[in-house]
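# sharing a model prediction with you, sequence too.
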Amino acid sequence: MTAKIRNLPNQFTCTHNTQFKNLLVSGCSFTYNNSDKHLCSWPYYLRDLVGFDEVYDCSQSGAGSNHIFNSIINEIETNTNINTQDTLVIIMWSGLTRTDVIAQQDITTAWHPMSNYCFDDQFATLSIFNDTNGSTVIDQLCLQYKKTVSVDAQIYESLIKIIALKTYLDQKGFKSVITSWKDPGPEIKNTKINQSIIDSAMSTLNNTKYLDWYAESKNLKEPNDGHPLPDGYLGWTREHLLPGLESIGYATRL
């Protein structure tokens, strides 16, 4: 078990109940709760509102599809507290051109000082970031990767990972909800990727409105970095994620 577990006190009154005890999540900084003292992201707002006992958070700032795919499978295969009866899986996909690999922790720790996801005591996620200046060895690795591998290839790999993870979860018998931090349509629009791959990946997405769209439409974004303000996360959780769970029978109003 390597998901982050935060002992955060409940802040909101529970309005729904659910058949699940645990919430397993992965995503990027639009999922990651960047405080060990305060609730400031949707998984913990949802925990309070629905009454989950525990949140197992595999998200990592800057993460892409490989990390989300790898971390969810790693948690399911190694965490004895995660099972099909007690656990709901919610995934929030990140940008389709974000790339991650698994590397040694002595490389990843300084690269991800706040939110690095560790698979065990040896390996963790190393993100190949889109924007680097080439000033360090890892910067140079990122720079060369992004120069060498086409945007279409990066998006294709992400779409394959979305399809594969949904297939894995279904075959294992897990109930899951898959959304995205923003509309992936513009990233896909001008690619030459096989339409059947695009359609299969897009069909996995729940019809919940996108978090980035909600925060933008409500003027609830951080002015400096574009992330939702806490009220943006909370409003989206109440107005879109929670009704979506109700509509498929994963939550019931008290």
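Arrived safely. This structure is a prediction, so every number in the text was calculated from the model and none was measured. Numbers count the residues shown, from 1 in each chain.

# show me where the stretch 151-254 of the chain has its strands.
Listed in chain order, the strands of the stretch 151-254 of the chain (DSSP state E, counting those that start in this stretch) span residues 175-180, 252-253.

# highest mean neighbour count out of those?
Of those, the one with the most neighbours on average (mean count of other CB atoms under 10 Å) is strand 175-180, at a mean of 21. Glycine gets a C-beta too; all of them are placed from N, C-alpha and C.

# which secondary structure elements does that one sit against?
strand 87-93, helix 151-172 (3 or more CB pairs under 8 Å, 6 or more residues apart in numbering; DSSP states H and E).

# about what we covered before: reformat the strands of the stretch 151-254 of the chain as a markdown table; add mean pLDDT.
Formatted as a markdown table, the strands of the stretch 151-254 of the chain follow (pLDDT from 0 to 100):
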| stretch | mean pLDDT |
| --- | --- |
| strand 175-180 | 97 |
| strand 252-253 | 96 |
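
# can you list these in a markdown table and add distance to L88?
Below are the strands of the stretch 151-254 of the chain laid out as a markdown table (distance: least, CB to CB, whole Å):
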| stretch | distance to L88 |
| --- | --- |
| strand 175-180 | 6 |
| strand 252-253 | 13 |
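
# nearest residue to T97 other than its sequence neighbours?
Sequence neighbours aside, Q154 is the residue nearest to T97 in space, at 4.6 Å (criterion: CB to CB, 6 or more residues apart in numbering).

# and the gap between the one you found and I160?
For Q154, the distance to I160 equals 11 Å [CB to CB, to the nearest Å].

# higher neighbour count, the two?
Q154 (22 against 16; other CB atoms under 10 Å).

# residues contacting the more buried one?
By CB atoms under 8 Å, 6 or more residues apart in numbering, Q154 lies in contact with 96-99.

# closest to I5 out of those?
Proximity of the contacts of Q154 to I5 (CB to CB) peaks at R98, which lies at 24.8 Å.

# what is the neighbour count of that closest one?
If you count neighbours by other CB under 10 Å, R98 ends up with 21.

# repeat that for L234.
Neighbour tally, L234, other CB under 10 Å: 23.

# and if you look at V101?
The burial count assigned to V101 is 16, neighbours taken as other CB under 10 Å.

# give me the nearest residue to D139, chain neighbours excluded.
With CB to CB, 6+ apart as the criterion, D139 has its nearest non-adjacent residue at 4.3 Å, and that residue is T132.

# can you get me a residue count around the one you found?
For T132, using other CB under 10 Å, the count is 17.
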